[in-house]
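**Q** compute the structure for the input listed below.
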Amino acid sequence: DPRWGRSEEVYGEDPFLNGTMATAFVHGLQGNNPKYWQAAALLKHFLANENENGRNSTSSNFDERLFWEYYSVPFRMAFVDGGAKAVMASYNAWNGTPMAVNPILHSIVIDKWGVDVISSDGGAVTLLVNPRHAFPNQEAAVVACLKAGVNQFLDRYQDEVKQALKDGSLAEVDLDNALRRK
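**A** Numbering: from 1, shown residues only. So this is what the prediction gives:
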């Protein structure tokens with residue numbers, strides 16, 4: 001859609017074409033050695049990051065059919081066929097749930113597609129507190145992200161993680177699960 005401000009960053013609107021190009025890009029970036037990569041591909045922005053204005057607080061709303069047949073196709077292809085193992089969650093929400101804490105990070109991205117690294121975007125955790133008001137403070141937002149599957153933050157949350165471990169809202173096993181995908 002030419003009204004979208006980032007059209008130059010994509011191959012087009014066709015999900016199969018995008019998936020084919022992303023898969024080829026992943027292969028080229030990571031190389032063909034099954035054990036050692038030249039570099040690791042981190043796909044972004046998952047999912048339906050379709051607008052510039054208000055993307056920090058908007059929700060992209062669509063049904064499961066559109067998820068499976070359109071929006072997720074390039075990602076699935078790049079993960080399953082291309083071997084990418086990392087993705088960045090987008091700022092926006094899907095059907096009202098911000099992507100950084102969306103349950104599909106675990107149920108689909110990790111469990112079905114085998115992704116090892118899920119990254120927050122810069123400032124995304126802060127946005128969960130304000131303007132989204134999804135969590136009362138940064139600590140609660142960090143804990144929710146970790147439990148949703150985020151295991152790489154672009155911002156520093158060491159103090160929040162330490163406090164969450166201290167007050168019991170996060171357990172060592174939560175960190176172990178985030179770092180060692182099972």
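**Q** please enumerate the helices of this structure.
**A** Secondary structure of the chain by DSSP state H: the helices cover 15-30, 64-66, 73-76, 104, 124-129, 138-148, 158-167, 172-179.
**Q** closest one to residue 86 among the ones you listed?
**A** The closest of the helices of the chain to residue 86 is helix 15-30. By Cβ to Cβ, the value is 10.1 Å. Backbone N, C-alpha and C define where each C-beta goes, glycine included.
**Q** average model confidence for that closest one?
**A** Helix 15-30 shows an average pLDDT of 94 in the prediction.
**Q** also stretch 52-71?
**A** 89.
**Q** grab the most central residue of the protein for me.
**A** Taking Cα atoms, centre = their mean, the centroid of the chain lies closest to residue 89, which sits 2.4 Å from it.
**Q** and the pLDDT for the nearest residue to that one once chain neighbours are set aside?
**A** Excluding the flanking residues, the one nearest residue 89 by Cβ to Cβ, 6 or more residues apart in numbering is residue 99, at 4.2 Å. Here, the pLDDT recorded for residue 99 equals 97.
**Q** ok, residue 99 - how many residues close by?
**A** 28 (other Cβ atoms under 10 Å).
**Q** touching, it and residue 47? I think so.
**A** Yes - judged on Cβ atoms under 8 Å, residue 99 makes contact with residue 47 at a distance of 5.9 Å.
**Q** hey, what's in contact with both of these two?
**A** residue 90 (Cβ atoms under 8 Å, 6 or more residues apart in numbering).
**Q** ends of stretch 117-135, what's the gap?
**A** 23 Å (Cα to Cα, to the nearest Å).
**Q** gap between it and the chain center?
**A** Distance of stretch 117-135 from its chain centroid, counting by Cα atoms, centre = their mean, to the nearest Å, is 11 Å.
**Q** what comes up buried for that stretch?
**A** 117-121, 124-129, 132, 134-135 (16 or more other Cβ atoms under 10 Å).
**Q** save those as CSV, and put in pLDDT and distance to residue 61 too.
**A** Output for the buried residues of stretch 117-135, formatted as CSV (pLDDT from 0 to 100; distance: Cβ to Cβ, whole Å):
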residue, pLDDT, distance to residue 61
117, 95, 27
118, 97, 22
119, 97, 24
120, 97, 22
121, 94, 20
124, 94, 19
125, 95, 23
126, 95, 23
127, 95, 18
128, 97, 18
129, 96, 22
132, 93, 15
134, 95, 16
135, 97, 21
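**Q** quick check, nearest of those to residue 57?
**A** For these, the nearest to residue 57 is residue 132 (6.0 Å; Cβ to Cβ).
**Q** hang on, the closest one packs against residue 100?
**A** No - look at residue 132 against residue 100 with Cβ under 8 Å: they stay out of range, at 9.7 Å.
**Q** what residues are up against the residue nearest to residue 89?
**A** 45-47, 89-93, 105.
**Q** what does stretch 65-72 contact?
**A** With Cβ under 8 Å, 6+ apart, stretch 65-72 has contacts from 15, 47-48, 62, 94, 108.
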